[in-house]
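In: when you get a sec, could you give me coordinates for this:
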Amino acid sequence: MASNDDRPYHPTSKPSKPSLFPWKKPNVYTLPVVLFLCICSYFFGLWQHGGTSTPTFKLPCKSSNQIHPATTTSTTQSPTLDFSPHHNPNLTAATSSHAVKPKAYPPCDVNFSEYTPCEDAKRSLKFDRDRLIYRERHCPGKNELLKCRVPAPHGYKTVFSWPMSRDLAWYANVPHKELTVEKAVQNWIIYEGDRNRLRFPGGGTMFPNGADAYIDDIGKLINLKDGSIRTAIDTGCGVASWGAYLLSRNILTVSFAPRDTHVSQVQFALERGVPALIGVIASKRLPYPSRAFDMAHCSRCLIPWGQHDGVYLTEVDRVLRPGGYWILSGPPIRWQKYWKGWERTKEDLNAEQTSIEDVAKSLCWKKLVEKDDIAIWQKPTNHLTCQNNRKLGKSRNFCPANDPDQAWYTKLDTCLTPLPEVSDNEQVAGGKLAKWPQRLNAIPPRINKGTVKGVTAEVFKKDSELWKKRVSYYKSVNNQLGNPGRYRNLLDMNAYLGGFAAALVDLPVWVMNVVPVDVKANTLGVIYERGLIGTYQNWCEAMSTYPRAYDLIHADSVFTLYEDRCEMDDILLEMDRILRPEGSVIIRDDVDMLVKIKSIIDAMEWDSQIVDHEDGPHEREKLLFAVKKYWTAPAAPEDEEASS
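Out: Okay, here's the model as predicted:
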């Protein structure tokens, strides 16, 4: 939309203010004299600036769409961008060719190569160890924020393309062997020293025959093929093989685990190209809306589900969709067979299973089946029967009126999150969802029922069409975006209704859709109803993920949103931390904001360029396309001696 300054000026017949020089009478010579002085002033200014005009930005790569240059206040012009990766598995780090200028943001020490600010191990020790509170998010204060760029480890290589990355990762990228020893008999991960890489056979503690066979066993108990199950959450995910193998069944899983003694679980998952976040159920709600997931899973995740008045299972209930499933394998399921191997008494395991069964009943869940090592419960589709049971004292209290979608540093409750009201027991609370893939473009129930402020069915349809157009334009500028295999892990920092992710659904990518906690309308529930995944985030803080998690980051109006909330360079340094070497960035914002951003990312040694809005040069909103350069930490002294 054009700014107000672009509207034509229409003079009135009478002046609205008195003349600034009332003692002077107008005469016929005044206008020519003023015009002459203006012309002289213009040419004098032009002469002072060496006869140059305001610079322009050109399209960073070949495109069939003609783009008019976008006039900005910048005095530099970026070189043409190349979005293709250039380093390969045989390329060693060459940091000397990317020397950091003294005034720029310097590289952090190599010890920070896996720095996760809000899950820092040293800081966490200051907090309560009861209920694993010390493993929750505890972010650094403003005076503790690093003003440096987190380095990739020496020898970092381009990740394997999907689907090969599901099974393989370069050891140099995630240099940890702990799990290859600790979980050797469970086939989590194998180190192939001759090729300097890691292999993920798909094994797990409770699926010795592999995740694929384990999922097949689940598929015999509930329907995983008809599109009714699309989103899942895996608590205590390990290296996320369960979520990795569900992807071939069009089921999108958010896997999470704490940063604990099982070193780099989530980092391995992201390196494999599998959606994952660092997280733990402790004292705060999970950063997801209510009624988000079709299925929740725990395979020996070691969460004490029956303790603390069932608070952890109550949180699973909050994020489970009406009619959703909870799957549990491992202790105490089938304890009669495994109790000796688990080194626990029969009485202890029996008591644990009884407590879980009691909590599930208080949540009005129905136990569908317990077969072999797997037990499955189902959440009711509405709470009519549960309300009647509550009157009889058979279910727990419902939570008082509050926002069930509020989930950013929100304290856990032991009360039951009430489902939206229904008129009869056949109705699905909140509205029935379409099956995947129709779910992606069907009007989400939250919008149909008018529960999302300012979003109607018409707004949803227009937004979907808008993002199809925008993503098509993105592909014309960054021709690698439509190239299958170039990108895998994508992050949308301000996702709104998930239109960016929806427009990319045919590519072998996944998008973590972030709804900032500072936006006016909480739309993350809509995103999940579309069959997409996401999380809440305050971008004045770091994200709960390891460095080098994403191949491409998309930021729509993020910097305008946070302009008066925190420092711009802190957000950009966080983007640099979580972006892979040679990863790409697309930023949409006001042109003045983009010029400020460009000055910072130039100091961060990214290649960048500002181009016009897809609707042409007269829009104040512009686009900044950038690529993070390839650079790594220097080789350790012992490595240099070995190579010489």
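In: confirm Ile327 sits in a strand?
Out: Yes - assignment of Ile327 by DSSP: H, G, I helix; E, B strand; the rest coil places it within a strand.
In: who's it bridged to?
Out: Using DSSP bridges, the bridge partners assigned to Ile327 are His297, Ile376.
In: quick one, what contacts it?
Out: 218, 295-298, 374-376 (C-beta atoms under 8 Å, 6 or more residues apart in numbering). Glycine gets a C-beta too; all of them are placed from N, C-alpha and C.
In: which pLDDT value goes with Tyr338?
Out: The pLDDT attached to Tyr338 in the predicted structure is 84.
In: oops, could you answer that again for Tyr29 instead?
Out: At Tyr29 the predicted local confidence, pLDDT, stands at 57.
In: give the contact list for Ser395.
Out: If a contact means C-beta under 8 Å, 6+ apart, then Ser395 has 361-364, 386, 389, 416 as its contacts.
In: low-confidence ranges in this protein?
Out: In the prediction, the chain carries residues with pLDDT under 70 at positions 1-79, 88-103, 184, 261-262, 391-394, 638-644.
In: how about the spatially most central residue of it, secondary structure?
Out: Of all residues in the chain, the one closest to the mean position by C-alpha atoms, centre = their mean is Met512, 3.3 Å from it. Assigned by three-state DSSP, the conformation of Met512 is strand.
In: just Thr535 next, same as before
Out: strand.
In: export the contacts of Ile327 to a markdown table and tack on neighbour count?
Out: Shown next, in a markdown table, are those (neighbours: other C-beta atoms under 10 Å):
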| residue | neighbour count |
| --- | --- |
| Ile218 | 20 |
| Met295 | 24 |
| Ala296 | 27 |
| His297 | 26 |
| Cys298 | 23 |
| Ile374 | 21 |
| Ala375 | 23 |
| Ile376 | 20 |
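In: what's the farthest-apart pair in the contacts of Ser395?
Out: Maximum pairwise distance in these, criterion C-beta to C-beta, is 11.8 Å, between Lys361 and Leu416.
In: the two: which is more packed in?
Out: Neighbours per residue, other C-beta atoms under 10 Å: of Lys361 and Leu416, the larger number sits with Leu416, 21 against 16.
In: for the stretch 101-250 of the chain, which segments count as strands?
Out: Defined through DSSP state E, counting those that start in this stretch, the strands belonging to the stretch 101-250 of the chain, from first to last, are 168-170, 190-192, 197-199, 231-235.
In: nearest to Asp576, of those strands?
Out: strand 168-170 (20.8 Å).
In: contacting residues around Asp405?
Out: Residues in contact with Asp405, defined by C-beta under 8 Å, 6+ apart, are 289-290, 522, 524-525.
In: those in helices, which ones?
Out: The helices, defined by DSSP state H, take in 524-525 from the contacts of Asp405.
In: out of the contacts of Asp405, who's nearest Ala495?
Out: Within the contacts of Asp405, the smallest distance to Ala495 is 7.9 Å, found for Leu524 (C-beta to C-beta).
In: three-state assignment of the residue lying closest to the closest one once chain neighbours are set aside?
Out: The spatially closest residue to Leu524, leaving aside those adjacent along the chain, is Val515, at 4.2 Å (C-beta to C-beta, 6 or more residues apart in numbering). Put simply, Val515 is strand when judged by three-state DSSP.
In: count of residues packed around Val515?
Out: 28.
In: returning to what we had before: quick one: the contacts of Asp405 as CSV, columns for distance to Gln609 and neighbour count too.
Out: Putting these into CSV (distance: C-beta to C-beta, whole Å; neighbours: other C-beta atoms under 10 Å) gives the following:
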residue, distance to Gln609, neighbour count
Pro289, 37, 28
Ser290, 42, 22
Asn522, 34, 20
Leu524, 32, 28
Gly525, 36, 24
